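Enquirer: Here is my input, please return the structure:
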Amino acid sequence: MIFLFHTQAKILGFFLANLPIFAALLQAIIEQFIFLDASILFNKFLGLFIALISFFEGVTHLMFLFLIFYAQAADQLLQIQSLWRHGARTAIYCNWMCNEFKDLLNGYLTPAGMRQQFLLGQWFRQRYIEDLKFLKDTYDVDEIIIYATDVNRTVMSALSNFQGLYPFGKGPTVPVVPEQYLNPPSQIIQPPPEVGDNALPFQIQTIPFHMQENQDDKNLRGYGSPACGSAYIFQAANKITAMSKRVEERAKPLKIKFANMMNLDPQTLDIFKLSNYQDTFTTCVYNNNPIPKGLTNEMYNELDQLNTLTTLISLYRTWDQARLLSQPFMTNLLKNFDEVGSTTYKFHAYSAHDVTVQLIMIAMNFTSSDCVEQVWNGSKVDNKNCIYSFPGYASNLIWELWEDSNKEKYIKVLYNGTYQNICDGLSDKCSYKKFKEIVLQQNLDFDEGCKLPFQGKTVIQVPTWLTTVTYLVLALVLIVVGYGIFLLGGLVKKSRKRQLLGGGSVQQSR
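Expert: Numbering: from 1, shown residues only. You can find the predicted model right below:
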């Protein structure tokens, strides 16, 4: 255990630091049997007394360390779940250097983003494989399950992350079989000599992941439409609330300053467009792309703070909105923890977006639009746990489920590597029972709350070929009917003519 390593280091450090004291103690004991001057003997025993006090102080300290070690060692880590934002990406808004970015306006994961996720994966490896010995040294399909949204940057982030968790040299080797079984059918290709017995070059480990289409991904994309059909209604209303108007008013100086720098009409800007500009500038900073020359660090930070607040306002302004939109993820979180003991999975990983992370941070009472506005205004902050910075690239939440020596389960949560106060907000440790009660109590029914009332007509798209065939059939039917009518008309005329001829002959016979 990591605690044992630190305890051993403390013990060794204590004895090394007190070597002079032990030497003095030994010398004083020897000199007790030699006749010395009384004053010298007194000084020796005084030094001995001080040394003994120091020694017992050190022993007390060591006993305290041992108590901590055994208390911690008795606790067992049962499961971890982690939600992270993808790494650095390209721009998604066409508001700055559009001609240069026109082929990249899809939020692609950049090399900088790959590196961020790779290093995050290495942090996971250091903590949960090397230090805590929780996960196996090599990938076990029954230990880890990974989910990503149906977006390239989150998929590539998951792959980059797990290259850090299981780096070169941790992948599988091929079985001892004839070469023909290691080649695709009818294609004999010799692998490079350096591959050797490794399945892949450098003994790379590939990792599977799971995802759903956007409209079905309630866990990771429940923050808005299309997963939550009614979200666009209240999210549109959020932009005209009293809070939005307050922020708009207070941001006027920033808006004017920004408009002058960009040579824009201030009337064309609002806080949400400023937020979009900030998003683009952030991509430039992380990927070494140019930013406006007049964009100072001070203005950049102001825009960044505003971006945090406008995102909170627009997507999940109220506590009830956050309770509703976060319900699928929080329910799934509890489900996974409840299955400990009946499943082999020890690590559930989720690769998603900034707004996914921010939404779940609200559900965990780590932030809110109210507390961030209070920070922005410089007023008193009601929420002691208020995280007022935006979840940047590769920001992450980690839930750890532990069990103590009394078989009581408890939760600890890290945000960007730091334990956070949870439940009552006074401790970074909370019993799982209490944590579950809080989550279940705050959850709202996502499916019911996200129902979208029927509006307008349903549009059904009919294939062109079916339309053409339908017209041809109708034309054929009309021709047949027309010809039938023509034939019927001829028969009627003949029948009348016969009746006229038959009637004349009768009159003549009378």
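Enquirer: Show me the helices in the stretch 201-350 of the chain, by range?
Expert: Ranges of helices within the stretch 201-350 of the chain are 218-221, 231-238, 242-250, 252-262, 271-286, 297-316, 319-338, based on DSSP state H, counting those that start in this stretch.
Enquirer: Kindly reformat the ones you listed as JSON lines containing distance to residue 443 and mean pLDDT.
Expert: Where C-beta positions appear, they are placed from N, C-alpha and C, glycine not excepted. Below are the helices of the stretch 201-350 of the chain laid out as JSON lines (distance: least, Cβ to Cβ, whole Å; pLDDT from 0 to 100):
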{"stretch": "helix 218-221", "distance to residue 443": "13", "mean pLDDT": "96"}
{"stretch": "helix 231-238", "distance to residue 443": "17", "mean pLDDT": "94"}
{"stretch": "helix 242-250", "distance to residue 443": "24", "mean pLDDT": "96"}
{"stretch": "helix 252-262", "distance to residue 443": "37", "mean pLDDT": "96"}
{"stretch": "helix 271-286", "distance to residue 443": "29", "mean pLDDT": "97"}
{"stretch": "helix 297-316", "distance to residue 443": "14", "mean pLDDT": "97"}
{"stretch": "helix 319-338", "distance to residue 443": "5", "mean pLDDT": "97"}
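Enquirer: looking at the ones you listed, which is buried most?
Expert: helix 218-221 (a mean of 24; mean count of other Cβ atoms under 10 Å).
Enquirer: Contacts for that helix next, please.
Expert: 147-149, 214, 227-228, 328-329, 332, 350, 352-353, 356, 446 (Cβ atoms under 8 Å, 6 or more residues apart in numbering).
Enquirer: Now rank the residues you listed by neighbours and give me the top one.
Expert: Neighbour counts for the contacts of helix 218-221 peak at residue 356, which has 28 neighbours (criterion: other Cβ atoms under 10 Å).
Enquirer: gap between residue 402 and residue 408?
Expert: Using Cβ to Cβ, to the nearest Å, we find residue 402 at a distance of 9 Å from residue 408.
Enquirer: Quick check on those two: which one has the bigger neighbour count.
Expert: The residue with more neighbours, out of residue 402 and residue 408, is residue 402; 17 against 12, by other Cβ under 10 Å.
Enquirer: For that one, I want the exact helix or strand it lies within.
Expert: In the assignment (DSSP states H and E), residue 402 maps to strand 396-403.
Enquirer: what does that strand rub up against?
Expert: Contacts to strand 396-403, defined as Cβ under 8 Å, 6+ apart, come from residues 75-85, 120, 333, 337, 340, 357, 360-361, 364, 409-416, 432.
Enquirer: Partner strands of that strand and their direction?
Expert: Here strand 396-403 is paired, per DSSP bridges, with strand 76-85 (antiparallel), strand 409-415 (antiparallel).
Enquirer: Follow the chain on from the last one and name the next helix or strand.
Expert: Beyond strand 409-415 on the C-terminal side, the first helix or strand identified by DSSP H and E is strand 418-419.
Enquirer: would you say residue 138 is within a helix?
Expert: No - read with DSSP: H, G, I helix; E, B strand; the rest coil, residue 138 is coil and lies in no helix.
Enquirer: The strand holding residue 402 vs helix 319-338, what angle?
Expert: 50 degrees (axes from the mean of the first three to the mean of the last three Cα atoms, to 10 degrees).
Enquirer: In contact with residue 340, which residues?
Expert: Contacts of residue 340 (Cβ under 8 Å, 6+ apart): 78, 79, 401.
Enquirer: Could you dump these into JSON lines and include neighbour count, pLDDT and distance to residue 136?
Expert: Shown next, in JSON lines, are the contacts of residue 340 (neighbours: other Cβ atoms under 10 Å; pLDDT from 0 to 100; distance: Cβ to Cβ, whole Å):
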{"residue": "78", "neighbour count": "16", "pLDDT": "98", "distance to residue 136": "15"}
{"residue": "79", "neighbour count": "21", "pLDDT": "98", "distance to residue 136": "15"}
{"residue": "401", "neighbour count": "22", "pLDDT": "98", "distance to residue 136": "18"}
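Enquirer: just these now: which is nearest residue 174?
Expert: Proximity of those to residue 174 was ranked by Cβ to Cβ; the top entry is residue 79 with 32.6 Å.
Enquirer: now the chain, which segments are flagged as low pLDDT?
Expert: 1-73, 453-466, 492-510 (pLDDT under 70).
Enquirer: Tell me which residue lies nearest the centroid of it.
Expert: residue 84 (3.1 Å; Cα atoms, centre = their mean).
Enquirer: Verify the stated contact: that residue with residue 121.
Expert: No - using Cβ atoms under 8 Å, residue 84 is not in contact with residue 121, being 9.9 Å away.
Enquirer: Kindly provide the distance from residue 357 to residue 329.
Expert: According to Cβ to Cβ, residue 357 stands 10 Å off from residue 329.
Enquirer: can you check residue 141 too?
Expert: Relative to residue 329, and taking Cβ to Cβ, residue 141 is found at 24 Å.
Enquirer: just residue 446 next, same as before
Expert: Computed as Cβ to Cβ, the residue 446 to residue 329 distance reads 10 Å.
Enquirer: any common contacting residues for the two?
Expert: residue 222.
Enquirer: Pull the contacting residues for residue 237.
Expert: Applying Cβ under 8 Å, 6+ apart to residue 237 gives no contacts.
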